[in-house]
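Visitor: return atomic coordinates for the entry below.
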Amino acid sequence: MLDVDLNKSQKLVRMLQLLQKRGGIPAWDLMGRFGLDARTLRRYLQDLEDMGIPVVEEGHAGHRSVALDRNYARAGVQLTLAEAVSLHFGRTLFTFLDGTSFASDLDDAIERLEPAIGRFPQDAERDIDRKFMAVPEHGKDYARDGDLLDEVVSALIFSNPADAEYRPLRGVPKVYRLHPYTLAVYRQGLYLFARDVAEDRVKSFAVERFVRFSRLRREHFPYPEVWRPLDMLRDAFGIIGGTPEQVVARFTADAAPYVRERRWHPSARAEPLEDGGVRLSMEVANTPELREWLLGFGASVLVEGPPSLVDWMRAQHLAAANRYG
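Guide: Next up, the predicted model:
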């Protein structure tokens, strides 16, 4: 329903939300949104003041800005400058969700919290988005998956089973009855951990590969008390789990600083070598994520085990060398 079609009580509630925006909102915008003339807008604002809500106006006529008194808005909750920065910085981590209800809901939440942010220098406020940023990765595009995401999120919130058709990266689509447990973010992508009812096993699904996802609104499943999402990732080098193996790789001196500065897996152990290199050992599943990561080091890595991984790396490097002639 459009703002102009609301009744008076609904308009007052909506108007109160808009007045909480930092810097307020132009009077002409309020009149246009709610279909009010200048005199009617004045009566609406007076009604808010009569309810004990202090309205502040700056400027003249229709070009004046209308806002709530900031001290009133902070009466219940007040954010420090550091908390406000963290809030805006956190939002930049989810740019890959722009165009979805996730992003708009997050923006709305931040907008509603802005009046609770303590005063800080105007220059700092103006430049905050340039001083703190997250460099976007090669994220997935969910702009066209709004309805799908709504179904997934609703199924999670209300513990609804879902009938889904899933298209793997390689292979043919398959139909599932799922119990959704957890929605996870990994490398600018969304993944659903859900129990495959037919196999009675929890699996991970890349959300964008669902051809169809329909939650069963009138059915519910008990959310398991023993479910721990991180258990799915205990043996994973990323998001894909499997049977763990002892993986050992030796990195040259030029790659060693990069390898040492990150914690690649809870089981990872780095051993310095006499030539300045480093030997990395860890207990992880031999998955495409691990193999592609190792392959990305090119000639700077030599995999020592397990044998199947050594054979795969050798075959990949030989094939690449043949392509270059």
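Visitor: which SS class is the closest residue to Trp227 other than its chain neighbours?
Guide: Excluding its sequence neighbours, the residue lying closest to Trp227 (C-beta to C-beta, 6 or more residues apart in numbering) is Tyr181, at 5.6 Å. All C-beta spots, glycine's among them, are computed from the backbone N, C-alpha and C. Assigned by DSSP: H, G, I helix; E, B strand; the rest coil, the conformation of Tyr181 is strand.
Visitor: contacting residues around Tyr181?
Guide: By C-beta atoms under 8 Å, 6 or more residues apart in numbering, Tyr181 lies in contact with 156, 193-195, 202, 223-224, 227, 229.
Visitor: hmm, 6 Å instead?
Guide: 193-194, 227 (C-beta atoms under 6 Å, 6 or more residues apart in numbering).
Visitor: how close does it get to Tyr166?
Guide: 16 Å (C-beta to C-beta, to the nearest Å).
Visitor: how about the strands in the stretch 151-300 of the chain?
Guide: With strands called from DSSP state E, counting those that start in this stretch, the stretch 151-300 of the chain shows them at 162-166, 174-186, 189-196, 201-206, 210-215, 244-251, 269-272, 278-285.
Visitor: out of the ones you listed, which is closest to Ala315?
Guide: Smallest distance to Ala315 across the strands of the stretch 151-300 of the chain (C-beta to C-beta): 16.3 Å, for strand 244-251.
Visitor: in the closest one, which residues are buried?
Guide: 244-245, 247-251 (16 or more other C-beta atoms under 10 Å).
Visitor: show me what that strand pairs with in its sheet, parallel or antiparallel.
Guide: strand 278-285 (antiparallel), strand 301-305 (antiparallel) (DSSP bridges).
Visitor: quick one: closest of the ones you listed to Lys174.
Guide: strand 278-285 (21.5 Å).
Visitor: pLDDT of the closest one, averaged?
Guide: Averaged over strand 278-285, pLDDT sits at 95.
Visitor: check stretch 165-172 too.
Guide: The model assigns stretch 165-172 a mean pLDDT of 88.
Visitor: C-alpha coordinates for it, PDB please?
Guide: Presented in PDB, the C-alpha positions along stretch 165-172 are these (Å, rounded to 0.1, in the frame of the first residue of the first chain):
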ATOM      1  CA  GLU A 165      14.600 -28.700  -6.900                       C
ATOM      2  CA  TYR A 166      18.400 -28.200  -7.000                       C
ATOM      3  CA  ARG A 167      20.700 -27.900  -9.900                       C
ATOM      4  CA  PRO A 168      24.300 -28.800  -9.000                       C
ATOM      5  CA  LEU A 169      27.300 -27.200 -10.700                       C
ATOM      6  CA  ARG A 170      27.700 -30.400 -12.700                       C
ATOM      7  CA  GLY A 171      25.000 -32.900 -13.200                       C
ATOM      8  CA  VAL A 172      21.200 -32.900 -13.500                       C
END
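Visitor: what sits against the closest residue to Asp235 other than its chain neighbours?
Guide: Once flanking residues are discounted, Asp235 sits nearest to Pro244: 4.1 Å by C-beta to C-beta, 6+ apart. Applying C-beta under 6 Å, 6+ apart to Pro244 gives the contacts 235, 283-285.
Visitor: any idea how far Phe237 is from Pro244?
Guide: For Pro244 relative to Phe237 (C-beta to C-beta), the value is 10 Å.
Visitor: also Val259?
Guide: 14 Å.
Visitor: more neighbours, those two?
Guide: Phe237 (25 against 20; other C-beta atoms under 10 Å).
Visitor: pretty sure the more buried one contacts Glu289?
Guide: Yes: if you go by C-beta atoms under 6 Å, Phe237 and Glu289 touch, sitting 5.2 Å apart.
Visitor: overlap in contacts of the two?
Guide: Joint contacts of Phe237 and Glu289 (C-beta under 6 Å, 6+ apart) do not exist.
Visitor: circling back: could you dump the strands paired with strand 244-251 into TSV and include mean neighbour count and distance to Ala143?
Guide: Formatted as TSV, those follow (neighbours: other C-beta atoms under 10 Å; distance: least, C-beta to C-beta, whole Å):
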stretch	mean neighbour count	distance to Ala143
strand 278-285	19	32
strand 301-305	17	37
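Visitor: pull the contacting residues for Pro136.
Guide: Contacts of Pro136 (C-beta under 6 Å, 6+ apart): Thr95.
Visitor: against Leu190, how distant is it?
Guide: Pro136 is 16 Å from Leu190, by C-beta to C-beta.
Visitor: ok, now Arg64?
Guide: 43 Å.
Visitor: what of Val135?
Guide: 20 Å.
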